[in-house]
Every structure is written in structure tokens, then in C-alpha cells.
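Peer 1: Just a sequence and a predicted model for now, questions to come.
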Amino acid sequence: MMKKIAIICVCIMTVCGLSACGSSVSYDSYDLSDYIKVDDYKGLKVAPYSISVTEDEIDAKIQSILQNAATTKELDKKTEIADGDVVNIDYVGKVDGKEFEGGSAEGYDLTLGSGSFIDGFESGIEGKKVGDKFKLDLKFPEDYDNEDLKGKAVTFDVTVNSATRQEVPEYGLDFVQNTTEYDTLEEYEASIEKEVYDEEEKTAIENQKGELWSQVLENTKVKKYPEKELDYYIEFNSKQIDNMAKEYGMSRDELLANYDFGNEKEFEATNEDSSKLLVKQEMLIEYIAEKEKLEYSDEEKKEAIKSYEEAGYDSEMIESQTGRNMNDYVHIELLYQKVLDFILENADISGEAESK
């Protein structure tokens, strides 16, 4: 079931937000009160949140910052290679003295410790140096996925062409003073605590909005669906299946089976349900926005378009994925956020606090 929802949700809004393929369909010509009956969306109850940042969380954040500040160092021929280093190697694998398919490569980049090769291969490179040539006498595991190689002895001739190592800076006063605006560890760690708090608060608020939106959806009944919009999403989702099948070199039936839809009839039922959910949500967003006079500014629209484009979602990509232009896409997303903000601002935030 999860695979079914995942593939359909490429084209619909989830309970907590719009998907990358979410798109606006104009409901301007409809009196939406003829299509949906909206009960309470103000004064809905949601639990407050409680956030307490721990020392472990502060330490984890600092370690992440240190990792991001790491530099890459080329290892010389005198330095022993260690776990975590990235090596560029040539290797030739032989079973019973003969090379086998897929057992050889030149200029292959391998991170030691990644578990990309059979046991003994990566650990066998540790302690070696750039320029070394050596043999590794190993054995394929009994449960290896290639039937012809299961449990067989194998010899790899390996040459280390080069190696690099990530050097993580040491945390301390020098790091703080050289890379930040702070003069003391106390000031810096206080700023990290606030950063972690802000991140967790943002998540907590989004969770509140998601819970409230679920309640609003539950309180909303659909009288009838506008056929044009519903048919559009049903057809769009179906075309997405065809596009995916073509991309993966599969038939439509093969793709549906691979995602556990089983057959066309089952997909049609799931497609209709998800398309109805999307249309219901879009009508609800437009209905509340109109009733409460919620609007977004031209500047907000420009900033939203800019953020999508900077993330790689330009107008051409949005349109190729949704069949809608950038303006349509940004419209429903911005309205959705305005509606969520309004519902939270008018909620009854009471009861036992939910911790992060």
C-alpha cells in the first residue's frame, strides 16, 4: 500500500503539504459552497509543544559543522591508507585463474569502510600506500547473489593509483575564533543551542499545522466534485505512469505490478481516490482563503518563484512535471501556507504539551 501511495503522491498534496508535482487548477468560476460543506476550521484544538535542547544535540550539531568544514588532503606515498579514506584503484579479479565478468575495473573510486566489496577487500587496502601493487586472496560469501561465484575463492590484483583523506578540524577556541563571529566557546555554543531550538520549533509548528489541517479535512464534506478538475488529475496521474514506464524501459503493466498496484483496475481505483483528495484540498484552500480574505503579495510570489528556480525547479521543469505554469503552482502553494497560518493563529492551543 505504501508504494501505491508514494507513486500517486508524486502528483497530489499530502496531508502536511504540497508535493513537488502539486499544481493549481482554477476554481474561480465555481461557487465552492455548492461543492463542499466546510464546518469548523477556527477554534480547533491542538496540543502545545515543548522543546528542550540537550547537550548531546548541541554536540551533534557542532560535529556536523566540523564535518562540513572538513578539507580533502591528497595522501603521499609515505602515508598509510586508513578506514574512511577514498582510494582510486585498478583491480583485476580471477576465479580459478580466469577473469570473470564484472570483476575488474580501472580508475575506480572506493571509500574504505563503505561495504561496497566482499569482506576482506576494503580492509585489505588499509595499511597500504599510494603506488602499492598487491594481491588479495578472498572468498565470495555463500549467499552471494551471483550463483556462479557463491562460496568460490577469488584473487584480486590491486593497484592503488591515489588516495585522499577528509581532515576534520578540531573543535576548540581557535576553530570558533577563526571561523565564526564569536570570541568564546560559551557564546558560540549558546548560538548553536538557539539554532537547534529554532529548527525544532519550526518542526513542532509544522506538526501542529499538519494536525489542524487533518482536522479541517475531516470536518469538510464533498457534495460533488468538479468534473473538469477531477478528470484532469486522473488523466495526469495516468500519463505519469506511462512516462515512468517509458523512462524505466518497462511496460505499463510491468510498472504497475512493480509498485504493487497489481493491475490496471486497482490503479484506477487508487488514482481516483488520490485525485479526489487533491481536488478536495484545493477547493478547501481556495474556499478558506476567499472567505477570510487571505492573500499573498507580489513580493512573496517573486520570492517563491526565485526559491524554486534556485532549487532547480524552473518554469520548464514545473510545466513538464505538472502541466501547469509556474504562476499556477506558486499560487496554490502560497495560499496553502496562508491558510495553515490562519488556522494555527485561530486554534485552541491547550492541553498537555507534546515534546519534540
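Peer 2: Looks like it came in fine.
Peer 1: now the closest residue to G172 other than its chain neighbours: how far from V176?
Peer 2: Leaving aside its sequence neighbours, G172 sits nearest to L185 (CB to CB, 6 or more residues apart in numbering; 7.7 Å). Glycine gets a C-beta too; all of them are placed from N, C-alpha and C. As defined by CB to CB, to the nearest Å, L185 lies at a distance of 6 Å from V176.
Peer 1: do the same with K246
Peer 2: Using CB to CB, one obtains 53 Å as the distance from K246 to V176.
Peer 1: now the strands for the stretch 201-350 of the chain?
Peer 2: For the stretch 201-350 of the chain, the strands defined by DSSP state E, counting those that start in this stretch cover 220-222, 348-349.
Peer 1: now the longest one, how far from the centre of its chain.
Peer 2: With CA atoms, centre = their mean, to the nearest Å as the basis, strand 220-222 stands 31 Å off its chain's centre.
Peer 1: Same question for stretch 282-292.
Peer 2: 29 Å.
Peer 1: Please list the residues outside it that contact it.
Peer 2: Under the contact criterion CB atoms under 8 Å, 6 or more residues apart in numbering, stretch 282-292 has outside partners 13, 24-25, 27, 30, 32-33, 35-36, 38, 41, 216-217, 220, 222, 226, 229, 294-295, 332, 335-336, 338-339, 342-343.
Peer 1: again, only this time at 7 Å
Peer 2: Stretch 282-292 has contacts (CB atoms under 7 Å, 6 or more residues apart in numbering) with 24-25, 27, 32, 35-36, 38, 41, 216-217, 220, 332, 335-336, 338-339, 342.
Peer 1: Report the rounded mean pLDDT for it.
Peer 2: Per-residue pLDDT over stretch 282-292 has a mean of 97.
Peer 1: residues of it that come out buried?
Peer 2: Neighbour counts over stretch 282-292 (16 or more other CB atoms under 10 Å) mark E282, M283, L284, I285, E286, Y287, I288, A289 as buried.
Peer 1: So which of those belong to helices?
Peer 2: The members of the buried residues of stretch 282-292 that map onto helices under DSSP state H are E282, M283, L284, I285, E286, Y287, I288, A289.
Peer 1: before we move on, the earlier item: the contacts of stretch 282-292 in helices, which ones?
Peer 2: Among the contacts of stretch 282-292, the ones falling in helices (DSSP H) are V216, L217, I332, L335, Y336, K338, V339, F342.
Peer 1: Identify the farthest-apart pair in these.
Peer 2: The largest distance within the ones in helices among the contacts of stretch 282-292, taken as CB to CB, falls between L217 and K338 and amounts to 16.9 Å.
Peer 1: Which of the two has more residues huddled nearby?
Peer 2: Higher neighbour count among L217 and K338: K338, with 18 against 14, using other CB atoms under 10 Å.
Peer 1: G124 and D157: what is the separation?
Peer 2: 12 Å.
Peer 1: Just want to know which of those two has more residues nearby.
Peer 2: Just comparing G124 and D157: by other CB under 10 Å the higher neighbour count belongs to G124, 18 against 15.
Peer 1: ok now do the nearest residue to K338 once chain neighbours are set aside, which residues does it touch?
Peer 2: Closest residue to K338 apart from its sequence neighbours, by CB to CB, 6+ apart: L294 at 4.3 Å. Going by CB under 7 Å, 6+ apart, L294 touches L335, K338, V339, F342.
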